[in-house]
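Student: One predicted model, sequence on top.
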Amino acid sequence: MAEPLSPTARAVLDAAFDPWQSTDTPASIAAAALRAAADHIDHDWSGFNCVDALYEIAAELETQ
């Protein structure tokens, strides 16, 4: 059984499939997921830390 998702990964996944945020086109799904990720990462980090956080979210979602 897969580990439960972190709150950040759950927000990204939920945003991708939320009909209020996405119209189910690839572009709208990607935009919704990116917005959710941006909302849940620390904005005081350097660019490198932000990129690392996004990779961690992606890796977590890939294991599901």
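Tutor: Structure's in. What do you need? Treat the numbers as computed from the prediction; the structure is a model and nothing was measured. Residues are numbered from 1 along each chain as shown.
Student: For the rest of this, base every contact and every neighbour count on C-alpha atoms.
Tutor: OK.
Student: list the contacts for the residue nearest the centre of the chain?
Tutor: Note on the chain: the residue nearest the mean C-alpha position is Val12, at 3.2 Å, using Cα atoms, centre = their mean. Going by Cα atoms under 8 Å, 6 or more residues apart in numbering, Val12 touches Ala32, Ala33, Leu34, Ala36, Ala37.
Student: Which helix or strand contains the last one?
Tutor: Assigning secondary structure by DSSP states H and E places Ala37 in helix 26-40.
Student: Show me what counts as buried in that helix.
Tutor: For helix 26-40, the neighbour count (16 or more other Cα atoms under 10 Å) marks Ser28, Ile29, Ala30, Ala31, Ala32, Ala33, Leu34, Arg35, Ala36, Ala37, Ala38 as buried.
Student: Tell me the first helix or strand C-terminal of it.
Tutor: Downstream of helix 26-40, the first helix or strand assigned by DSSP H and E is helix 47-62.
Student: Quick check: mean pLDDT of that following helix?
Tutor: Averaged over helix 47-62, pLDDT sits at 83.
Student: Distance from the chain centre to that helix, please.
Tutor: Mean C-alpha position of helix 47-62 versus that of the full chain (Cα atoms, centre = their mean, to the nearest Å) differs by 9 Å.
Student: what's the angle from it to helix 26-40?
Tutor: With axes from the mean of the first three to the mean of the last three Cα atoms, to 10 degrees applied, the angle from helix 47-62 to helix 26-40 works out at 120 degrees.
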